[in-house]
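> Give me the fold of what follows.
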Amino acid sequence: MDISINTPALLFPAISLIMLAYTNRFLALSNRVRSLHDKYQSHEQKHIIHGQIKNLRYRLKLIKNMQALGVLTFLSCILCMYLIYIEAMAVAHFVFAFSLITFSASLALSLLEIQLSTKALELELSDMEGLEDPSVMEYLKKKFDKD
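Alright, predicted model coming up:
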């Protein structure tokens, strides 16, 4: 398969958008850390806060790695374009494959971080009484039984 200089350039918008999403997740997480810090200082619900802090630390590491892989993807695409420009096609193929792998790894970490964020929300809701966590099928049954 032959690739042109446009092939790695096609990843630029996707990488830029995903990096923006990662930055937004980081900003939301940093705001949550600050609010938890205030709650922890006032000694409210320490058992819940302790679990959230553990979750947030891990999620911050994931986001840092997601961003690092995104930057590595960007740099790999730029290097690939340069290699295509100087007509080093054999190396350009490997570098482009590497950029796709790092982009995929970044997205996989993003999926893991999203899963952890939902667990954090469940932890936040765990102290409320009367909350049910129905399965999707139970939810749909209740929804259609009402109609």
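
> Quick check: closest non-adjacent residue to M19.
Closest residue in space to M19, ignoring its immediate chain neighbours: G70 at 4.9 Å, by Cβ to Cβ, 6 or more residues apart in numbering. For the C-beta atoms, the positions are set from N, CA and C on the backbone; glycine is no exception.

> correct me, but the one you found touches S106?
Yes. Contact status for G70 versus S106: in contact at 5.0 Å, counting by Cβ atoms under 8 Å.

> Looking at those two now, which is surrounded by more residues?
G70 (26 against 22; other Cβ atoms under 10 Å).

> What helix or strand is that one located in?
Taking DSSP states H and E as the definition, one finds G70 inside helix 46-85.

> Overlap in contacts, G70 and S106.
The contact sets of G70 and S106 overlap at I18 (Cβ atoms under 8 Å, 6 or more residues apart in numbering).

> mind listing what the residue nearest to M19 touches?
Taking Cβ under 8 Å, 6+ apart as the definition of contact, the neighbours of G70 are I15, I18, M19, Y22, F103, S106.

> pLDDT below threshold where in this structure?
Applying pLDDT under 70 to the predicted model, the residue ranges of the chain that meet it are 43-48, 123-137, 139-140, 143, 146-147.

> mind running it again at 90?
1-13, 16, 23, 25-60, 113-147 (pLDDT under 90).

> Pick out the residue nearest the middle of it.
Central residue check for the chain by Cα atoms, centre = their mean: the C-alpha nearest the mean position is that of S110, 2.5 Å away.

> Look up how far M66 lies from it.
For S110, the distance to M66 under the criterion Cβ to Cβ, to the nearest Å works out to 5 Å.

> Nearest to Y58 among the contacts of G70?
Using Cβ to Cβ, Y22 comes nearest to Y58 of the contacts of G70, at 15.6 Å.

> which SSE is that closest one in?
Y22 belongs to helix 11-41, assigned by DSSP H and E.

> do D145 as well
D145 is part of helix 136-146, with elements assigned from DSSP H and E.
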